[in-house]
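Engineer: no FASTA, just this:
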């Protein structure tokens, strides 16, 4: 089972107030699939990124790969 760390879109009104959850998903599943583990969230309106860095390190150690978008968010969060 290959897993990816990627974004899942949530929010009250998708056009005006988008929010994203950062989670661990099976690679073959769609954007809004069930998560294996949730690591944090991202609010593009305010630019806020919150992550559970311990869980992120755990999943990276066990072979989970980030998408390009999540990689750029991780750079901003550090």
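Structural biologist: Right, received. Where do you want to start? What you see is a predicted model; the values in this text were computed from it and never measured.

Engineer: The residue sitting nearest the centre point of the chain is in what secondary structure piece?
Structural biologist: Computing the C-alpha centroid of the chain and ranking residues by C-alpha atoms, centre = their mean puts residue 22 first, at 1.9 Å. If you go by DSSP states H and E, residue 22 is part of strand 19-26.

Engineer: From residue 47, how far off is residue 37?
Structural biologist: With the distance defined as C-beta to C-beta, to the nearest Å, residue 37 ends up 24 Å from residue 47. For the C-beta atoms, the positions are set from N, CA and C on the backbone; glycine is no exception.

Engineer: Pick out whichever of those two has more residues nearby.
Structural biologist: Neighbour count, other C-beta atoms under 10 Å: between residue 37 and residue 47, residue 37 has more, with 15 against 9.

Engineer: residues touching that one, list them.
Structural biologist: 23-24, 55, 59 (C-beta atoms under 8 Å, 6 or more residues apart in numbering).

Engineer: who does it bridge with?
Structural biologist: residue 24 (DSSP bridges).

Engineer: Flag every buried residue along the strand holding residue 22.
Structural biologist: 19-20, 22-25 (16 or more other C-beta atoms under 10 Å).
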